[in-house]
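K.L.:
Build me a model:
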Amino acid sequence: MQTDSFQIRHIGPNTLEKEKMLQSIGVSSLDELIDKTIPKDIRNPKSLDLSEPMSEQEYLSHISEIEKKNKIFKTYIGLGYHPTILPSVIQRNILENPGWYTAYTPYQAEISQGRLEALLNYQTMISDLTGMELTNASLLDEGTAAAEAMGMLFSTRSRQQKADNVSKFYVSDEVLPQTISVLQTRAVPFGIELEIGATRDFVPSNAYFGIMLQYPTKYGSIENYSDLVEKWHSSEIRVVVAADLLSLTLLTPPGEWGADVVVGTTQRFGIPMGYGGPHAAYFSTKDQYKRDIPGRIIGITQDAAGNRALRMALQTREQHIKREKATSNICTAQVLLAVMAGMYGVYHGPEGLKYIAKKIHHLTATLDRGLKNLGIEQLNSSFFDTLLIKVNDTAFVKSLAESKGINFWYIDAHHITISLNEVTTLADVNDILGVFSEAEKKQSQAFSEVLKECKINTDVMRTSDFMKHDVFHLYHSETEMMRYIKKLENRDLAMNHSMISLGSCTMKLNSAASMFPISWASFGNIHPFVPVEQAEGYHLIIKDLEKSLNEITGFAATSLQPNSGAQGEYSGLRVIKAYQKSIGQGHRKLILIPASAHGTNPASAVMAGFDVVVIKTTENGEIDIQDLKEKAKIHQANLVGLMVTYPSTHGVFEAEIKLIIEIIHNAGGLVYMDGANMNAQVGLTSPGLIGADVCHLNLHKTFAIPHGGGGPGIGPICCTAALAPFLPTNPVIKTGGDQGITAVSSAPYGSALVTLISYAYIKMLGAEGLTESTKYAILNANYLKAELEKHYPVLFSGENGFVAHEMIVDFRAFKKNGVEVTDVAKRLMDYGYHAPTVSFPVAGTLMIEPTESENKAELDRFIAALVKIKSEIDRNSTETKDSILKNAPHTQEMITSDDWKYSYSRQAAAFPLDYIRENKFWPYVRRVDDAYGDRNLVCTCDPIEDYI
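P.N.:
Numbering: from 1, shown residues only. So this is what the prediction gives:
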């Protein structure tokens, strides 16, 4: 065994297992299987041109050399990003723990109670700090959250406002520049007219539906907006506030002075800057918007025994489910980062947070005094952590500061801001004063102690309590915190326990070697707006990763800025729109989408300003070519193009994909390829080779970034040379095309920190390893198909009878036995498995994707579980109370109870197969009651007894 080969550590089946699996499938070799699965005319005749694969040790040596090229300065840039202290107990037990980072989005609530509680803590903390009634479980970044707030207020205008076409949204020029750029991107397709100007210059009228403020402002001033908000509300203008979360421990929360939506980032709560991300954005609003709020909400309900349980509330109002009627395409969150930020609040509690905030404020007040002693003018009269100062020559100060390893923010030739942070010390303050002392050629007096002065005006000081719930007061020692985190982890089923075979989700190995560097300070402690020469290591990685993704996709250019798959969809469509406008085709507005497409496709299309026309699919799950031809011809003059997933959402390589693309191109349209199923393409074919114009990738699927329980993710877009000039830009750091669209994410390179994981994945596998991984993903799926179709119908396959990397198993026929596919999903928990994707893309089915990382033994255990469940279906009691399937999952409390009133045995319920005894996972609650929770919506830590 070649022990230094990452390929054999990543790919599950060994050579002997592979031969047995091929025999079951009925082919003589892996190459024969691939030849019979992928159409010949789209096969890549050449190997990928990538660097030779590295061993894990070689990679870690390689990346440690690259990290040295990053320069870690003392950074006081601010603008929404700050150095922080991540408590070691959170870093070790969450960020670096596969029990947390390999979990999936908590759709299966019974085996997700740990992170659901962690997210409920997060929601409670945010609601308390902002003074709002309702908070979602996180969004992608502050700019995205602000854009979602604008979109929500636009879609919920009053009937009269809609009739009058009220479409103006005023944005204070004191809002962060990256946020304004994202707002500009989102406003155009909706027909929203953005007006940017000074807050005090805003003249309210019935032409406006909303206004956005920054609190404190981007340069640090704290303003009292309460009278203004009252005045704006009287004109039916609603208010979005982007607030610094840590400052709200000391400042009057926006909810108390009338804000309608409060957004921001939780990065200050212990999350590394990571050259821009990932960080969890927060979104808080009023209860009246509970059916309009983007993203996910965690709520309290009860289980089948009447016990308290948690689940994602009001799932039917998730916007991507509404498809072309959506007002948002948000399909994910930043769960891992939200969990960490929430745990930061749990660990420090309200008094700890206030201590940190006061420490920062007092250091800032001390710096203010020192600058004034030097005769330097400081322009903020009321401030939290940021000073705005006037100097003779910022270029001279910049040169001096950087020579001492210090970064400030340089606004223009005479103005600088300095934002202090959690890691700042009194010695740092004296060092800063030393820079200005030298610049002004004046002697500064070093401070020997921090001044306990308050420089926040009394009319904006917080008087209300927050975070009074027990969870924020019980776990302040490391011992107790460690045990609390472990208790929650034990309630969740993640990939460190068993395979998670979710179709269209690609839950593969997230290797330890690829994860190590994200904890390194040399990558974590870099602000996204530092001079680029300080981030040389990052830029080497970004350039190399972009080049690799170009090679893999067959395209000419890549943007890493989109920080989720749905954002990648949106970005790709906006790039198409910009290109078409540049060639005089800006009138095109109609896009074709197959009926089988994921709901984010039509949602993204609508957000990009397009009208959606749905293309039929045939009985065998393929695009109806005749319908496509007819609709392409009818709409030719106005056709933007086609959104297509390949292999299809039904798990099949459609043989006519080139014809499909040709039809669109002949009609003057472009083809956007959804990269959700790229795990079946890498090394064997590519979107560019097939003929598409742009695609997005899910680095959190195909390229091994962990799902984190529902984020982070990265959704880069790759495109042809013709589209490359239109890739997204950033208002602060030069990136993207020379005619690029405005920003789609706050940071220039999105969630740059976790690009390290995909970079590692490609470097350690190399061309051969990546291609073999694809082949084994197809092998594993077809082995499952061969074994499961002996017991269940498998709905779709290619022209030779094989599937791509996933398959759809049909359970609809079992309704006659009184069994729904949901019952099977819940029963799989008793066997130690997370259910595959339920009822997508076909209702009443399971879509199964095993990935290349699972070996034959694990696949066989999963097969055995489904075969055993089939026997349970066959003898299922239609008497619900006595059905082993309807009562699933079975908890430890239920099995050990003295009261057992079922005809089946406890062993049949909890240990139906022998392998389960060796590694039993116990669901923490019985089946949750979603309807009860939606009728009695509770989304904070208040005990449910208060509402019953």
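K.L.:
ranges for the strands of the stretch 701-850 of the chain?
P.N.:
Secondary structure of the stretch 701-850 of the chain (DSSP state E, counting those that start in this stretch): strands at 717-719, 807-810, 837-838, 845-848.
K.L.:
Check the offset of the last one from the chain's centre.
P.N.:
Just to be clear, that refers to strand 845-848. Centre-to-centre, strand 845-848 and its host chain are 23 Å apart (CA atoms, centre = their mean, to the nearest Å).
K.L.:
can you list the residues that contact it?
P.N.:
By CB atoms under 8 Å, 6 or more residues apart in numbering, the list of residues contacting strand 845-848 from outside reads 501-504, 651, 781, 784, 788, 795, 806-812, 821, 824-825, 835-841. For the C-beta atoms, the positions are set from N, CA and C on the backbone; glycine is no exception.
K.L.:
Which entries within these meet the buried criterion?
P.N.:
Among these, those scoring as buried are 501-504, 651, 781, 784, 788, 795, 806-811, 821, 824-825, 835-841 (criterion: 16 or more other CB atoms under 10 Å).
K.L.:
between the strands of the stretch 701-850 of the chain, which gets nearest to residue 312?
P.N.:
Nearest of those to residue 312, taken as CB to CB: strand 837-838 at 13.5 Å.
K.L.:
Please name the strands paired to that closest one in the sheet, noting orientation.
P.N.:
Here strand 837-838 has these sheet partners by DSSP bridges: strand 845-848 (antiparallel).
K.L.:
name the helices or strands packed onto the helix or strand that the strand it pairs with is followed by?
P.N.:
Using DSSP states H and E, the helix or strand that follows strand 845-848 in sequence is helix 856-874. Secondary-structure packing of helix 856-874 (3 or more CB pairs under 8 Å, 6 or more residues apart in numbering; DSSP states H and E): helix 15-25, helix 752-788, helix 821-830.
K.L.:
Am I right that residue 577 is in contact with residue 605?
P.N.:
No - in this structure, residue 577 is not within contact of residue 605 by CB atoms under 8 Å, at 10.6 Å.
K.L.:
the more surrounded of the two?
P.N.:
residue 605 (30 against 24; other CB atoms under 10 Å).
K.L.:
sec struct for residue 673, please.
P.N.:
Assigned with DSSP: H, G, I helix; E, B strand; the rest coil, residue 673 falls in the strand class.
K.L.:
From here on, call the first residue 101.
P.N.:
All right, first residue 101 from here; so that's residue 773.
K.L.:
Might you report the residue contacts of it?
P.N.:
744-746, 787, 790, 792, 794-795 are the contacts of residue 773 under CB under 8 Å, 6+ apart.
K.L.:
cool, and residue 244?
P.N.:
Residues in contact with residue 244, defined by CB under 8 Å, 6+ apart, are 282, 381, 663, 667, 845-846.
K.L.:
quick one, helices of the stretch 301-450 of the chain?
P.N.:
Using DSSP state H, counting those that start in this stretch, the helices of the stretch 301-450 of the chain run over 326-333, 435-473.
K.L.:
Save these as a markdown table, and put in mean neighbour count too.
P.N.:
Shown next, in a markdown table, are these (neighbours: other CB atoms under 10 Å):
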| stretch | mean neighbour count |
| --- | --- |
| helix 326-333 | 16 |
| helix 435-473 | 22 |
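K.L.:
Could you report the separation of residue 658 from residue 539?
P.N.:
For residue 658, the distance to residue 539 (CB to CB, to the nearest Å) stands at 42 Å.
K.L.:
So for these two, which residue has more residues nearby?
P.N.:
Set residue 658 next to residue 539 and count neighbours by other CB under 10 Å: residue 658 wins out with 23 against 20.
K.L.:
and that one, which of the three is it?
P.N.:
strand.
K.L.:
what does the model give it for pLDDT?
P.N.:
With respect to pLDDT, residue 658 scores 98.
K.L.:
Let me see the contact set for the spatially closest residue to it that is not a sequence neighbour.
P.N.:
Nearest residue to residue 658 in three dimensions, chain neighbours excluded: residue 646, at 4.1 Å (CB to CB, 6 or more residues apart in numbering). Contact analysis of residue 646 by CB under 8 Å, 6+ apart lists 657-658, 660, 816.
K.L.:
mind checking which helix or strand residue 646 is in?
P.N.:
helix 636-653.
K.L.:
Pull out the buried positions in that helix.
P.N.:
Buried residues in helix 636-653 (16+ other CB under 10 Å): 637-639, 641-642, 644-646, 648-653.
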